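[1] Give me a 3D structure for the following:
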Amino acid sequence: MAQLSLSEKERYSRQILIFGEEGQEKLKKSRVTVAGVGGLGCPAAMYLAFHGIGKIRIIDKDVVEVSNLNRQVLHWEKDIKKPKVESAYEKLREINRDVEVEKFVVEINEKNVVELLEGSDAVIDAMDNFPTRFILNEAAIELGIPFFHGSIYGLEGRVMTIIPGKSACLRCLFSESPPKEVFPVLGTTPGVIAMIQVTEVIKYLTGVGKLLENRYLIYDGENMSFREIKVRKNPECPVCGKK
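    Numbers count the residues shown, from 1 in each chain. Got it, this is the predicted structure:
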C-alpha cells in the first residue's frame, strides 16, 4: 500500500475523516483515466487531483477553442489553439504536485482503446459523442475496468456507474447512438455531472457507500430535480450479455 507523507495526511485530513488513511492510500495507488478533457473532463480531472488520485491519465485529440470557455474550466483565454491535453496538464500539475499526470493527444478508436485503458482502475466517460462512448464501454467491459458514464444536454445531465460482470452496461441502455448534433450546454451542467462521476469513482476505490449500479440518474437543472431510472442487465446485450 502506498504510504502517505505528512503533508498528504494534512492535505487530505478532512476526507480521511470519512474513509481513513487506508482509504486515502487506496486513492494514492490508483490510476484513473479521463476520456476527454472538455466540459465533463476538466472538472472531473480537477477533482481527481484535489482528492489525491495517484495517477490521472487524460486523453483528447482537440485544441482549445473560444466556444469551450463557458464550461471547460481547465482551459483559459491564453490556451486558445493549444491542445486541450497540454492545457489541462499544466493546470493539473499546479493543483497537486503529488499527482502524476499522463497525457495522450490522440483520438480514441477501436484500434487503440485497449492500449489507452490498460492499467486503469477506473475510466471516466467525459466524451461528447456516443460512438466513442460505445468503444470505451466495450473496452472497459473486456478489460474488467469500472466505467463511469456521464452525458449532458443543455440544463440536463445523466450518470450511470458500470461494473463489468456485475451491472448493466451502456449498450444495455442504448442500442444505438443518438443522432450527432451540436448541442446546447449551460456551463454549470457538466460541472454537476462531473462531480457525481468523481464521487462515484472515489466511492468505488475506497469501498464507501452505494454505487449507481443499474441506476440511471437524471439531473434536471431547469427544474432543479433528480430522478432515477432502474436499468436491468440485458442478457442479449452484444457487449456484456455473456459476461
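
[2] Could you pull out the helices in this structure for me?
    6-11, 13-28, 41-50, 84-95, 113-117, 130-143, 170-173, 188-206 (DSSP state H).

[3] ranking the ones you listed by burial, who's on top?
    helix 41-50 (a mean of 25; mean count of other Cβ atoms under 10 Å). Heads up, the C-betas are built off the backbone N, CA and C, glycines and all.

[4] packing partners for it?
    Other elements packing on helix 41-50 under the criterion 3 or more Cβ pairs under 8 Å, 6 or more residues apart in numbering; DSSP states H and E are strand 31-35, strand 55-59, helix 84-95, strand 122-125, helix 188-206.

[5] Next, the angle strand 31-35 makes with that helix.
    If you take axes from the mean of the first three to the mean of the last three Cα atoms, to 10 degrees, helix 41-50 sits at 170 degrees to strand 31-35.

[6] Low-confidence stretches in the chain?
    1, 243 (pLDDT under 70).

[7] Adding distance to Gly221, write the helices and strands packed on helix 41-50 out as TSV.
    Formatted as TSV, those follow (distance: least, Cβ to Cβ, whole Å):
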stretch	distance to Gly221
strand 31-35	22
strand 55-59	26
helix 84-95	24
strand 122-125	20
helix 188-206	6
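
[8] sorry, back to before: what's the closest of the helices of the chain to Lys61?
    Lys61 lies closest to helix 84-95 among the helices of the chain, at 8.3 Å (Cβ to Cβ).

[9] hang on, the earlier thing: any chance of the helices of the chain in JSON lines, plus distance to Glu107?
    Shown next, in JSON lines, are these (distance: least, Cβ to Cβ, whole Å):
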{"stretch": "helix 6-11", "distance to Glu107": "35"}
{"stretch": "helix 13-28", "distance to Glu107": "29"}
{"stretch": "helix 41-50", "distance to Glu107": "14"}
{"stretch": "helix 84-95", "distance to Glu107": "12"}
{"stretch": "helix 113-117", "distance to Glu107": "10"}
{"stretch": "helix 130-143", "distance to Glu107": "8"}
{"stretch": "helix 170-173", "distance to Glu107": "19"}
{"stretch": "helix 188-206", "distance to Glu107": "20"}
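
[10] Which of these sits closest to Asp60?
    Closest among those, using Cβ to Cβ: helix 84-95, at 4.5 Å.

[11] Could you export that closest one as PDB, keeping only the C-alpha atoms?
    Extracted C-alpha coordinates of helix 84-95, given in PDB (Å, rounded to 0.1, in the frame of the first residue of the first chain):
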ATOM      1  CA  LYS A  84      -6.500  20.500 -24.600                       C
ATOM      2  CA  VAL A  85      -4.400  17.800 -23.100                       C
ATOM      3  CA  GLU A  86      -1.400  20.200 -22.800                       C
ATOM      4  CA  SER A  87      -3.600  23.000 -21.300                       C
ATOM      5  CA  ALA A  88      -5.100  20.600 -18.800                       C
ATOM      6  CA  TYR A  89      -1.800  19.000 -17.900                       C
ATOM      7  CA  GLU A  90      -0.300  22.400 -17.000                       C
ATOM      8  CA  LYS A  91      -3.200  23.200 -14.600                       C
ATOM      9  CA  LEU A  92      -3.300  19.800 -13.000                       C
ATOM     10  CA  ARG A  93       0.400  19.900 -12.200                       C
ATOM     11  CA  GLU A  94      -0.200  23.200 -10.400                       C
ATOM     12  CA  ILE A  95      -3.200  21.800  -8.500                       C
END
